[in-house]
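>>> here you go, sequence then predicted model.
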Amino acid sequence: MKKAVGIIRAVFEAILDAIIPLRARTVRTKGRTLEDIPLTPTPHELLGVRITTLMDYRDPAVVDLIQSLKYDGSAHAARLAAAVLADYLREEISSAHTFSARKIFLVPVPLHKHRTNQRGFNQIELVLKALPQEFLDGTLAYMEAGFLARTRATKPQTRLPRSERLSNVAGAFTIANEQALADTHVFLLDDVTTTGATLANAATPLRRAGAKVTLLALARA
């Protein structure tokens, strides 16, 4: 069944590629494999919180990958990023299960609904959905995109000076069901972090609901 789905997906993507010319970065990314995108977990202390980034943004292949994912919605980029993420999460989640019985959730940082409508997708949600099934069905973790909501439209962080990024996203995130988060472990994920403002603010309501929160980003710009 999985093989058939893979064949259908490949045919569909080939048709789309023929109709819509690919950007150069996405063409380069489609020619790369996991071996071309090394996993380099690096912890950062930003705004008083610990954020781990998984790839080195100084690597041109990583820049292509992130931009293909974020701006082009590349399915291949999502699968590559998911493979890198899975390599990291497998050990982290196994370790977490050893020391705690908390239920583990993978939660993408949400976009505001207007941004989602404009772009047509949430890039980090594409990555999570491309993870192996064991990260989605509760075998290792559950993927839950509905826990966290961005209730206030914010300016794109990349267009703001560092001094304004924290206030831009302050209080922009809420959760709908606090009871579902009590005594859980949430891995909160974003594509790129710079100052850490988005992840730090998105984590606040999760922690208030009683979740232990681990902050991850694919890269740091």
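Now that the structure is in, tell me what you want to look at. Predicted, not measured: the structure shown is a model, and the values here were computed from it.
>>> ranges for the strands of the protein?
42-46, 49-55, 103-108, 142-143, 148-150, 173-175, 184-193, 212-220 (DSSP state E).
>>> how about CSV for these, with distance to Leu89, mean neighbour count and mean pLDDT added?
Placement of C-beta: from N, CA and C, glycine included. Formatted as CSV, these follow (distance: least, C-beta to C-beta, whole Å; neighbours: other C-beta atoms under 10 Å; pLDDT from 0 to 100):
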stretch, distance to Leu89, mean neighbour count, mean pLDDT
strand 42-46, 15, 13, 95
strand 49-55, 9, 20, 97
strand 103-108, 8, 22, 98
strand 142-143, 11, 17, 97
strand 148-150, 18, 20, 90
strand 173-175, 22, 18, 90
strand 184-193, 7, 23, 97
strand 212-220, 8, 22, 97
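>>> for the biggest helix by length in the chain, name the packing helices and strands.
In the chain, assigned by DSSP state H, the helix with the most residues is helix 75-99. Under the contact criterion of 3 or more C-beta pairs under 8 Å, 6 or more residues apart in numbering; DSSP states H and E, helix 75-99 touches helix 2-19, helix 24-30, strand 49-55, helix 60-72, strand 103-108, helix 123-129, strand 184-193, strand 212-220.
>>> do you know which of the ones you listed lies nearest Ala200?
Smallest distance to Ala200 across the helices and strands packed on helix 75-99 (C-beta to C-beta): 4.9 Å, for strand 49-55.
>>> the closest one versus strand 184-193: what angle between them?
60 degrees (axes from the mean of the first three to the mean of the last three C-alpha atoms, to 10 degrees).
>>> any chance of the strands of the chain in CSV, plus distance to Ser94?
Shown next, in CSV, are the strands of the chain (distance: least, C-beta to C-beta, whole Å):
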stretch, distance to Ser94
strand 42-46, 19
strand 49-55, 16
strand 103-108, 10
strand 142-143, 16
strand 148-150, 25
strand 173-175, 27
strand 184-193, 13
strand 212-220, 14
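>>> so which of those strands comes closest to Leu136?
With C-beta to C-beta as the criterion, Leu136 lies closest to strand 142-143 of the strands of the chain, at 4.6 Å.
>>> follow-up on the earlier one: run through who's touching the longest helix of the chain.
With C-beta atoms under 8 Å, 6 or more residues apart in numbering as the test, helix 75-99 has contacts from 9, 13, 26, 29-30, 32-34, 37, 39, 41, 54-55, 65-66, 68-69, 102, 104, 106, 123, 126-132, 135, 140-141, 185, 187, 189, 214, 216, 218.
>>> which of these are buried?
Buried members of the contacts of helix 75-99, scored by 16 or more other C-beta atoms under 10 Å, are 26, 29-30, 32, 37, 54-55, 65-66, 68-69, 104, 106, 123, 126-128, 130-131, 135, 140-141, 185, 187, 189, 214, 216, 218.
>>> count the residues that sit near the nearest residue to Ala180 once chain neighbours are set aside.
Closest residue to Ala180 apart from its sequence neighbours, by C-beta to C-beta, 6 or more residues apart in numbering: Phe147 at 7.0 Å. For Phe147, the neighbour count with other C-beta atoms under 10 Å is 23.
>>> and Gly120, by the same measure?
For Gly120, the count of nearby residues is 7 (other C-beta under 10 Å).
>>> please shift the residue numbers so they start at 621 in all later answers.
Taking 621 as the first residue, the last one we looked at is Gly740.
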